[in-house]
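> mind folding the following:
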Amino acid sequence: DNASPDTVLNRFEKLTPAVQSSYYGQQLRKRIELIRSLQPGQPAPDFTVTTFDGEEMSLKDFSGKLLLIYHWSFCPGSIQLSPQIGEIYKTYAGDQFAVLGITPLNREMIREAIDETADNEKIFDGTLVKPVYEVMLNHPWPDAHRTTGNNKQLIRNYGIGGYPYW
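Okay, here's the model as predicted:
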């Protein structure tokens, strides 16, 4: 169901102490607390990331802006979403809106994918893959590798994992 984090925590606290203190119980409690901390009205968790260009950016750099943290990769979801995120960025980027990309990829991996992808390769919806990879290589917003420097902090603090969808 779509229970609120407080409802889930209430249900969790009704479990036996043995279940709550088990490894999985502890992991579930951490996840519930993370979700509670990310609810509207809560302060955004701080982070510092190192971008592909070696620039350090933190939450403070986006102060006063709506920030879209775009977790992307080579999955079909990202291939479909990338052009849409680009349009949103072109339309709204400025004093009130910004995008920060976070990815398990780096520029070399993207270049290699471009070189190895056939010009006519498509995903299931008919989207040509190579042009999207080329856009991914040249995002107009900063991108950061998931595990460079302190970048894991962003992944942990915002509960980022998996892919947009498959």
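
> contacts, neighbours, all on C-alpha from now
Will do.

> centre-most residue in this structure?
Of all residues in the chain, the one closest to the mean position by Cα atoms, centre = their mean is His71, 2.7 Å from it.

> I'd say that one and Ile102 touch.
Yes - between His71 and Ile102 there is a contact at 4.8 Å, judged by Cα atoms under 8 Å.

> just give me the longest helix of this protein.
In the chain, with assignment by DSSP state H, the single longest helix is helix 76-92.

> please name the nearest non-neighbouring residue to His139.
Leaving aside its chain neighbours, His139 sits nearest to Gly86 (7.7 Å; criterion: Cα to Cα, 6 or more residues apart in numbering).

> three-state assignment of Asp53?
Following DSSP: H, G, I helix; E, B strand; the rest coil, the label given to Asp53 is coil.

> mind checking pLDDT for the residue nearest to His139?
Reading off the confidence values, Gly86 has pLDDT 92.

> tell me how far it lies from Ser37.
29 Å (Cα to Cα, to the nearest Å).

> equivalent analysis for Leu105, please.
When Cα to Cα is applied, the distance between Leu105 and Ser37 equals 28 Å.
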